[in-house]
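>>> Dropping a prediction and its sequence here:
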Amino acid sequence: MAELQVLLQHRNVPGIDGIDVYESHGGYAGLRAALGKERQAVIDEVKASGLRGRGGAGFPTWIKWNGLPKSGSAQHYLLCNADEGEPGTFKDRELLLKLPHMVVEGMAIAAYATRSANGFVYVRGEFVESATQLRKAIDQAYRRGYLGRNILGRSDFCFDLHIHTGAGSYECGEETALMSSLMGERGQPRLKPPHGPLPVVSGVWGSPTLINNVETYACVPHILTHGGAWYAAMGTQRSPGTKIFSVSGHVARPGNYEIELGTPLTELIELAGGVVGGALKAVIPGGSSVPILPAEKCAGVTLDYEGCQAAGTMLGSGGFMVFNDKTDIVALMRRTAQFYAHESCGKCTPCREGTRWISRVLDRITAGAGRMEDIDLLLSICDQIDGRSYCPLGDAASWPIRAGIRNFRHEFEHWVRHGSSPIPGFVPPVRSHGPGPVPGRQE
Amino acid sequence: MVAASAGRFSEAGQAQLAEIVSHYPDPGGAILPALWLAQREYGGWLPADAIAEVAARLGRPASEIQGVATFYTMYNTQQRGRRHIEVCTCLTCGCLGAYEVIDRLEQILGIHLGQTTADGEFTLTEAECLNYCEAATVVQVGERYFGGVNAENAADLVARLRGSEGCTPESLSNAIVEAIVPGRNAGATHG
Amino acid sequence: MGNPVTATRETWGPIAQGMALTLKHFTQMIVARDKTSVTVQYPEERREQYPRTRWRHALTRHEDGLEKCIGCSLCAGACPARCIYVEAAENSDERRFSPGERFAARYEINMLRCIFCGYCQEACPTGAITLRKDFELADHHRADFLYTKQMLLEPTPAPGAAG
Amino acid sequence: MNDSKLVNVTINGVPLQVPKGERIIESARRAGIDIPYFCYHPRLSMENGANCRMCLVEMAMPRTGPDGTVTLAKHPKPQTACSLPADEGMVVETETEAIVKARRGVLEFLLINHPLDCPVCDRGGECPLQNNTLHYGAGASRYIEAKRHYPKAYPLSEHVVLDRERCIQCARCTRFTQDISGDAQLDFLKRGADTQIGTFNAAAFSSLFSGNTIEICPVGALTSRDYRFRARPWDLATQKSICTECSNGCSIKLDHRDGLVLRVNGRVNEAVNEEWTCDRGKFGLPASISGERLTAPLLRDGDRFREVTWDVALGVVAEKLQAAGKQAAVLAGSKLANEDLYALQALCRGGLGSVRYDYRMGTQSSEARDAAAMLFGPNPAPTGIAGLEASPWTLVVGSDLAVEHPIVFLRLRKSWRFGKSKALEMVSSSAPANTHVGAFAWSSVRYADRGLPESLRSACSLLLAEMPGLTATPEIRAWAATGTPPADDTASRRMATALSTGPGTILVGEGALSGPDWREVLVALGHLAGLTGSTGSVNRLVSGCNDRGAEALGFGDWQPGTAGILAGAASGATPALWIAGADPVTQYHDPQVAIAALEQASFVVVSDIKLTATARMADVVLPSCSVAERDGTLTNVEGRVQRFWKAFEPRGSASPDWLIAARLLQRLGKPSVWFGWQDVLADMRSHVAAFGGVSLDALEKDGAMLVAPQVVD
């Protein structure tokens, strides 16, 4: 298996971000195809494709779509999660930047299938360029009649699409926190089953709400154009289709690579030009939240939901980070911990207090003041967060640290024993404590 | 709903706010975009007056608006330098020389991380992953991303920023507002 | 009555023996000041108290002269005889009695009720209240047994005096 | 939220039947199983709850496999019991090893940044964090990094002190200001481990209900400024009582030490205050009964008072009263208990043959009150406080409800919050721009000075326009048509749409019927109530603490009323005047009249707890007891007779007013048979129909409702 471009096929065509070029490359054919079908038939097509959510959790897309009420006059909302914040991931940013119409088209199809008249794309605040591109695309789509009232002459299909930008919060990538943020609240998660209703039953403003990732929506036009079976034929049995991996780190050609699910991990590294600056030390295959994979465990791992799980890590959002043997894992873990401490929303106790604690202990270890019991203390703190926090951010903060210690315990012990890095010449950034507290008024 | 407070929103800003509010079934939804708008109208940051004005215009308690404004990192509740240089030091960038970039920038600007130059021109901070890892090290200044920054070309970046248009908190806020508000030509079919 | 001589010996003999012993001890004490004597010449002399003797309370101070007592009333809560009364107030920078926010504005112990169990000392989170060796607590009026904070508090160390 | 349907759940092996959707933490409590928590509060929304993670439990649900077999599927993560709705077949375990560990972990996290200043903290000794740590926590912390530091004791308002170091971010206070009081003054600022509560721009937390946040704070982050460092919980004794600061009659607890009420906390009474208190009661009550109190009878001696024995004082008073006979008069204060009023009445009528007694200090006439009773029925508050929850709409007329009737206001807001009621308001344009009811009102109509009748008339006319088929006499139609169009058209129309939905509730403040235009107001109200079918639910809310009790006893039924009594005192027609617990010099609507009358009066005896301005002008001053120093009953605005208990001994020789009256009766040669307050109550029960249903049993619980008088045709 090799690179297989479906979504990214035309990403370098000049002007593909404009509607004319996009249409001339088969754009909006998916929407037309969808409108030629019954709404349920569209959902069935997505079901046949086996498409799973590309945001990280890999939940079958059609089940969400099918969960929205199919009758009644209640307002439905369609949300697109473009709050890409997972360190190491940059696929949504590029999709919106280069192929915004593909996302708009996918959302229009989803709106048709789920009877949604209102949609929001929640774009991460930092992605100004992408939001500007998306704005142009939405305006063009309105003018061509792909959005707005009576889309393509169908009096029973109206869909308004708006942009909502975030303002700097990783937590808002969690779907219920995103809904809070959309409703103008602090970006904190909301109750989910079994405690509260599913978003598709009662989401934003108490209305049924469908929320999908940018890449998921971008897959939809292709599925409708070529059929679900065509899509399902790619990838593996349980993880069909293609997936964009954002490859970065110590590789020759970092960038987004679209590959069939089930491609061996090592092949992706080769695609990106191989490891540079030294031998491979470790890979984080799915964004900072997933457990780190040491080089010796990389062989034989296939990049699909099941393959990653079998290797003790996760496919996540496809943020594929490659590290060579000059990398200090303890410093890497410390920076990861800083990230989660900074991005914890502060709602629940384990995440709020635990992430800061982990970060402080790692600060101390990399300042040369670690104690041997600190390593087990870190594991214990991870256990105390994992599974007990309000939303998955707590889990995501504990997994990488735990995997870092499990796989590279000797490096932690080296730091504790010698007060210095096992990598010769490596000096951790002493001054840095991450972006630090959010600035605000001090009374 | 909108109290006639002694606000600083321009007429254009008020019209944009009205448009934004119309996107949401409840004016509360417009809090985030309204804060972006306020950050533009108040010159790139959110003094207490700006928060009070957003609260009055959306009919929400000011404490709630302040709670929202202080939650998100991109709202400046304190005035920063005209150019806010945010260097990504997260995983990839951190391994690919972000800290050398910071060292160099500190040297060039004569300030430490988290500080603002005496002339109020530059503020230097770390940033969490800006999700442009393919171009590590990535630096964000206002609405612009700069990829492939390293210790060698950091001086060029600073020089370029000194003369450039935009790249301020104000232009960042404006760009976001422009992205949120539908284009004039598209307005006709908007519901 | 039998033989008068026998009777005299039987009567006076033990008395004389007893008196001799008394005289011996008496002279030992007065003249020889022997180490074996048990009586001390109170109040000129006082017996050495055991190290953990619990008698009269004292409220101690920190080295800088601030009171250790923070008026938390835990001693009053722990007291089985309910003989401690505490009223707290807030320190200010101008009027500071103890470190932190709180100090004891009133601190009283009713010594008639106190059973010297030492629970107050055990409960005290700052080591302020301690039971010491001063056992001479007799007085003439009932009201005098109400020890106030001023009576209990150690004197302020003189400026410059070592710890 | 809960379906009435019962479901079977199993908690720690105990099978239970609970309403579907009930939170498991409540179900467990029913079964006597204790689940620790911090952020959970049954009256606060779940929306921002479930955050402390202390109540984690293990949960399993039955799952039917493809072959039809039912297996128990355990949820992989522990779940918060506070937010977990009970469902059929749910199995919950609260004491497994994993849960014990989880709790210990949560407590360790909460304590890493919590200062260990329990000995100086006002919450120490009654602190949920302390208690839970003792029960469920580890013995030691593994945290060696620096703790979070903020300045201690930040004064959030004149009543509330904030210690951010102690805060555990449970969101109880912020939810209280959002959900219950609705003024949303508190919110979280910043995020992550830097999250802290605060007001906008560090402004003062100005709420009518801020004191409740102190009570619900599970740590010592929010403490009372008044109670600050005054006592520790084990220094205090607690007595059940009733707040006397307004007519709502909140059930409260008095925490007292050495004859001083140091603080007031809310006591659960679902019928009245649920568990809340207002700041006026919580902080005002201790202040109003502490300070310089009267301890012995005082007799005027020229320009000064001289302390005398009760014998001497009562001798003087009895002699003067006897001489005045039926010309003697009594003015009673609004905080007097039912027993006091009844005894005073007995003294006047039985002892002296006088009917010159009254309690009213405002401008509302008996005529207005009687006319309202004729129009709307004899029960002045037929809906009651809890009844507001069932009302589809509630119109507030002529009252700043949150200030005058804080607890009625909270109930109205609750009713609105759960979508059961639309709040409507007619408010004078001189009121502040943002009234408390206006903040959530469906419609808030403003009227100019004396414009209430017109405003009501236009509401009627819009209602008739809205519902052409409404039954209305031609006279009413004609009357409605003559009005001037409303100034605030949209608000009025909106109000009409709510009024047209059927019968609702009207709350009429005392001010609405106290002006010179009370007749017009009453006529217009009558029409509006008639048109909406709400004649039986027009509530005339009295403001004074026990005004409702005085009214039920007929205390103000007789001429010449307060004005006449004061005029009599000035002219000599009232040779002896007893002012019991009232201070006309500051309370009478025209203080100058009261002062002039007292200056010229030939003999005035004042019984009160303090030397008030009125008492200073008296000939004899008698010390009486506050609510904390005696037993008795009070009647609240909805006609609920509630008992209060003596907390501590009165100061000096102070005595409750009923006892003073009883002793005077004895001196007048007409001894009563009252040996205790219960005897007065028993007498009252058998002689006053309204109190016929007040049993001691009911008084031990939520109180007993007055029996509404029967209308006789």
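Received it, and whenever you're ready, just let me know what you need. Fair warning: this is a prediction, and the values are worked out from it, not measured in the lab.
>>> The helix or strand of chain C with the lowest mean pLDDT - contacts with which helices or strands?
Using mean pLDDT, DSSP states H and E, helix C:4-27 stands out as the lowest-scoring helix or strand of chain C, at a mean of 87. Using 3 or more Cβ pairs under 8 Å, 6 or more residues apart in numbering or on different chains; DSSP states H and E as the contact test, no helix or strand touches helix C:4-27. C-beta coordinates here come from the backbone N, C-alpha and C atoms, glycine included.
>>> Residue D:637 - nearest residue in space that isn't next to it in sequence?
Nearest residue to residue D:637 in three dimensions, chain neighbours excluded: residue D:247, at 4.1 Å (Cβ to Cβ, 6 or more residues apart in numbering or on different chains).
>>> Run through the residues that contact the closest residue to residue A:51 other than its chain neighbours.
In space, and not counting its chain neighbours, residue A:51 is closest to residue A:61: 4.5 Å by Cβ to Cβ, 6+ apart. The neighbours of residue A:61, taking Cβ atoms under 8 Å, 6 or more residues apart in numbering or on different chains as the test, are A:46, A:51, A:52, A:53, A:212, A:216.
>>> In JSON lines: these, plus distance to residue D:327.
Converted to JSON lines, the contacts of residue A:61 look like this (distance: Cβ to Cβ, whole Å):
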{"residue": "A:46", "distance to residue D:327": "94"}
{"residue": "A:51", "distance to residue D:327": "96"}
{"residue": "A:52", "distance to residue D:327": "95"}
{"residue": "A:53", "distance to residue D:327": "90"}
{"residue": "A:212", "distance to residue D:327": "88"}
{"residue": "A:216", "distance to residue D:327": "92"}
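>>> now that we have those residues, which one has the most neighbours?
Counting neighbours by other Cβ atoms under 10 Å in any protein chain shown, the top entry in the contacts of residue A:61 is residue A:46, with 28 neighbours.
>>> Please settle this for me: is that one part of a strand?
No - checked against DSSP: H, G, I helix; E, B strand; the rest coil, residue A:46 lies outside a strand; its state is helix.
>>> Rounded mean pLDDT for the longest strand along chain D, please.
Looking across chain D with DSSP state E, the single longest strand is strand D:56-64. Summarised as a single mean, pLDDT over strand D:56-64 is 95.
>>> who are the neighbours in contact with the residue in the stretch 101-250 of chain D that chain C sits nearest to?
Per Cβ to the nearest Cβ, the residue of the stretch 101-250 of chain D with the smallest distance to chain C is residue D:119, at 3.7 Å. With contacts defined as Cβ under 8 Å, 6+ apart, residue D:119 is in contact with C:70, C:72, C:74, C:125, C:126.
>>> from those residues, which ones fall inside helices?
Judged by DSSP state H, helices contain the following of these: residue C:74.
>>> Show the contacting residues for the nearest residue to residue B:111 once chain neighbours are set aside.
Leaving aside its sequence neighbours, residue B:111 sits nearest to residue B:117 (Cβ to Cβ, 6+ apart; 5.5 Å). Taking Cβ under 8 Å, 6+ apart, we find residue B:117 in contact with B:81, B:109, B:110, B:111, B:123.
>>> and the residue of the stretch 101-250 of chain D closest to chain C, helix, strand or coil?
Under three-state DSSP, residue D:119 comes out as helix.
>>> in chain D, which segments are predicted with low confidence?
Counting by pLDDT under 70, chain D has low-confidence residues at D:1-3, D:485-488, D:710-713.
>>> Might you enumerate the residues of it proximal to chain C?
D:117-120, D:124-125, D:152-153, D:228-232, D:234-235 (Cβ under 8 Å from any Cβ of the partner chain).
>>> Find the pair from the residues you listed with maximum spatial separation.
Within those, D:152 and D:234 form the most distant pair, 23.4 Å apart (Cβ to Cβ).
>>> of the two, who's got more company?
residue D:152 (16 against 13).
>>> Show the contacting residues for the more buried one.
Applying Cβ under 8 Å, 6+ apart, the residues near residue D:152 are C:101, D:163, D:165.
>>> For the closest residue to the last one other than its chain neighbours, give me its contacts.
Once flanking residues are discounted, residue D:165 sits nearest to residue D:115: 4.8 Å by Cβ to Cβ, 6+ apart. With contact taken as Cβ under 8 Å, 6+ apart, residue D:115 is in contact with D:147, D:165, D:166.
>>> close enough to count as contact, the second one and residue D:149?
Think residue D:165. Yes - contact criterion Cβ atoms under 8 Å: residue D:165 and residue D:149 qualify, at 6.5 Å.
>>> Please say which of these two ends up with more neighbours.
residue D:165 (19 against 10).
>>> residue contacts, the more buried one?
If you count contacts by Cβ under 8 Å, 6+ apart, then residue D:165 has D:113, D:114, D:115, D:147, D:148, D:149, D:150, D:152 around it.
>>> Pretty sure the fifth one sits against residue D:193.
To tie it back to what came earlier, the one meant is residue D:148. Yes - at 7.0 Å, residue D:148 and residue D:193 qualify as touching, with contact defined as Cβ under 8 Å.
>>> Those two: which is more packed in?
residue D:193 (24 against 16).
>>> can you map out the strands along the chain?
Picked chain A for this. So, for chain A - with DSSP E - the strands run A:77-82, A:118-123, A:160-165, A:209-213, A:242-249, A:255-260, A:263-264, A:280-284, A:293-294, A:302-303, A:319-324.
>>> wrong chain, I was asking about chain C
C:57-59, C:84-90, C:102-110, C:129-131, C:146-147.
>>> Redo the ones you listed as TSV? Include distance to residue A:356.
Below are these laid out as TSV (distance: least, Cβ to Cβ, whole Å):
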stretch	distance to residue A:356
strand C:57-59	40
strand C:84-90	31
strand C:102-110	29
strand C:129-131	38
strand C:146-147	48
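>>> Tabulate the ones you listed (JSON lines), appending mean neighbour count and distance to residue D:330.
Compiled in JSON lines, the strands of chain C are given as follows (neighbours: other Cβ atoms under 10 Å in any protein chain shown; distance: least, Cβ to Cβ, whole Å):
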{"stretch": "strand C:57-59", "mean neighbour count": "20", "distance to residue D:330": "55"}
{"stretch": "strand C:84-90", "mean neighbour count": "20", "distance to residue D:330": "41"}
{"stretch": "strand C:102-110", "mean neighbour count": "21", "distance to residue D:330": "43"}
{"stretch": "strand C:129-131", "mean neighbour count": "19", "distance to residue D:330": "55"}
{"stretch": "strand C:146-147", "mean neighbour count": "18", "distance to residue D:330": "46"}
